[in-house]
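Novice: Provided below are the primary sequence and the corresponding predicted coordinates.
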Amino acid sequence: MATKENKGTQAFNDTIKAYLEERAENDALFAVKFANPSKSVEDCVTYILNQVQKSGSNGFTDAEVYGMAIHYYEEKEIEVGNPINCKVVVNHTVELTEEEKEEARQEAIAKLRDEQVAKMRKTTAKKATENKPQVEQPSLFDF
């Protein structure tokens with residue numbers, strides 16, 4: 001992969017890794033293949049991207065992508081291909097931890113408070129200028 005990845009591509013790598021780790025936890029036979037030191041998640045992702053490129057299609061189901069990942073680990077000898085510099089879109093929702101939810105909530109509250117304070121200050125300043133009595137300046141002709 002490229003040295004500088006975008007967030008979507010990193011999310012793809014993380015999604016593949018999480019799926020494979022979960023599969024290894026629940027499938028002892030796969031766990032042995034997943035632990036193969038000559039294979040890596042990075043090479044697995046490179047393999048998937050090369051397979052996608054060869055297909056000419058732009059969209060795949062989760063099952064198709066996960067199937068390619070499993071295939072990479074199940075084959076003893078497999079051609080990974082060259083790293084591809086591309087953007088990958090992951091179409092899943094991000095689950096936030098309770099701490100992240102609370103942090104986002106606090107940030108939203110602070111932003112709302114700041115907006116309300118700014119609005120009140122603007123209204124107060126406007127009223128102050130409206131209530132000032134206007135001093136008439138004498139005209140040169142009044143003398």
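Specialist: On my side now, so go ahead. Numbers count the residues shown, from 1 in each chain.

Novice: Output the longest helix belonging to this structure.
Specialist: helix 98-131 (DSSP state H).

Novice: okay but residue 72 is in contact with residue 47, surely?
Specialist: Yes. Look at residue 72 against residue 47 with CB atoms under 8 Å: they come within range, at 4.6 Å. In this view, the C-beta of every residue, glycine as well, is placed from N, C-alpha and C.

Novice: hey, what's in contact with both of the two?
Specialist: Common neighbours of residue 72 and residue 47, counting by CB atoms under 8 Å, 6 or more residues apart in numbering, are 78, 80.

Novice: which intervals of this protein have sub-threshold pLDDT?
Specialist: Low-confidence segments of the chain (pLDDT under 70): 1-8, 92-96, 127-135, 142-143.

Novice: Quick one: the helices in it, in order.
Specialist: Using DSSP H, helices in the chain cover 7-26, 28-34, 41-55, 62-74, 98-131.

Novice: Turn those helices into TSV, columns for mean neighbour count and distance to residue 90.
Specialist: TSV is the format used below for the helices of the chain (neighbours: other CB atoms under 10 Å; distance: least, CB to CB, whole Å):
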stretch	mean neighbour count	distance to residue 90
helix 7-26	15	4
helix 28-34	14	21
helix 41-55	18	12
helix 62-74	16	10
helix 98-131	10	18
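
Novice: between those, which one is nearest to residue 81?
Specialist: Closest approach to residue 81 among the helices of the chain is made by helix 41-55 (3.3 Å; CB to CB).

Novice: Does anything pack onto the closest one? Which helices or strands?
Specialist: helix 7-26, helix 62-74 (3 or more CB pairs under 8 Å, 6 or more residues apart in numbering; DSSP states H and E).

Novice: so which of the ones you listed gets nearest residue 118?
Specialist: helix 7-26 (31.4 Å).
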